[in-house]
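Asks: how would this look folded up:
(2 chains)
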Amino acid sequence: MIIKSFIFTGIVCLIAQIIKDNTRLTSGHITSLFCMIGAFLGFFGIYDRFIAYFGGGASVVIMSFGNTLYKTAISEGILNMLSGVSIGIVTSIIMAFIITLIFRVKD
Amino acid sequence: MNYQSVVKNLTPKEKRLENAFIAFFSGGLIGAMSEILVSSLGVDVMLIAWIVVASLLTGLGKFDTIVDYLKMGVIIPITGFAHSVSSAALEYKEEGFITGIGANFLKLAGSVILYGVIAASILALVRCLLWLV
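Replies: Residues are numbered from 1 along each chain as shown, chains lettered A, B, ... in the order given. Sure, this is the predicted structure:
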């Protein structure tokens, strides 16, 4: 399972790196794109199979964000869709605030 | 002339191959560590652990160096999301708490949330329509 996770996350990052090197898209474009691809894969029911087969490697990638948004939109209602990903967003915000209080930008 | 054009054609290609290789290995390493965390502690703890680590590294100013070495391998996992929030907050600290941090902290992560929400809501509507038909 660990090896499967390694291969899955590795291949996703490899595709992202190839897109970044060969087009003008920035990292922001690519993360947004992958998030939307995750929602599409969730729509066709493919991403749940990825998570079942590849384990944690499929949950850590940003595509999992789009998949969770779509799944929560189906199960809890469209307007509640952020409840599925609130752990990631809220933890990021709280950590970012603590970080800004402690550290200052280094040039 | 011919030699130079050959070199010009070859040099970036080699770098691209190397970058892709590095991204594969760094991303794979993060995926493997995530699998260990998920199997022992669960998905939520795994996400929180990566976010805390990425935010701390951003605060210490190390994350950009890591991105230089490991390429997209650390941007595509959730660490990239956490980095985008905390780096935007840190960058605008000088401009004050409300107009600086408050107004700018979701600058980069906002695009992921926006397009994720739009795509998911359209797909959910499509699915509802398909269900009705």
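Asks: In contact with residue 83, which residues?
Replies: Just so you know, I chose chain A. A:Thr72, A:Glu76 (C-beta atoms under 8 Å, 6 or more residues apart in numbering or on different chains). C-betas here are computed from N, CA, C, even on glycine.
Asks: wait, chain B
Replies: B:Ala54, B:Ser55, B:Leu57, B:Thr58, B:Phe63, B:Val67, B:Val74, B:Ile75.
Asks: run the last query once more with 10 Å
Replies: B:His83 is in contact with A:27, A:92, A:96, B:51, B:54-55, B:57-58, B:63-64, B:66-67, B:74-75, B:108-109, counting by C-beta atoms under 10 Å, 6 or more residues apart in numbering or on different chains.
Asks: Return the entry from these with the maximum number of neighbours.
Replies: B:Ser55 (29 neighbours; other C-beta atoms under 10 Å in any protein chain shown).
Asks: Chain neighbours aside, what residue packs nearest to that residue?
Replies: A:Met95 (3.8 Å; C-beta to C-beta, 6 or more residues apart in numbering or on different chains).
Asks: gap between the worst-scoring helix or strand of chain B on mean pLDDT and the chain center?
Replies: None of the helices or strands of chain B scores lower by mean pLDDT, DSSP states H and E than helix B:2-41, at a mean of 83. Its chain's C-alpha centre and that of helix B:2-41 lie 15 Å apart, by C-alpha atoms, centre = their mean, to the nearest Å.
Asks: same question, stretch B:81-99
Replies: 16 Å.
Asks: For beta bridges, what are the partners of A:Val61?
Replies: Assessed by DSSP bridges, A:Val61 has beta-bridge partners B:Pro77.
Asks: so how many other residues sit close to it?
Replies: 29.
Asks: In contact with residue 96, which residues?
Replies: Because you didn't say which chain, this covers chain A. Here A:Ala96 is in contact with B:51, B:55, B:58-59, B:82-90, B:101, B:105-106, B:109 (C-beta under 10 Å, 6+ apart).
Asks: ah, no, chain B please
Replies: B:Gly102, B:Ala103.
Asks: Can you report phi and psi for it?
Replies: Backbone torsions of B:Gly96, given as degrees, to the nearest 10, read phi 100, psi 170.
Asks: ditto for B:Tyr92
Replies: phi -100, psi 20.
Asks: most residues in a single helix of chain A, which one?
Replies: helix A:2-22 (DSSP state H).
Asks: Fine by me, we can end here.
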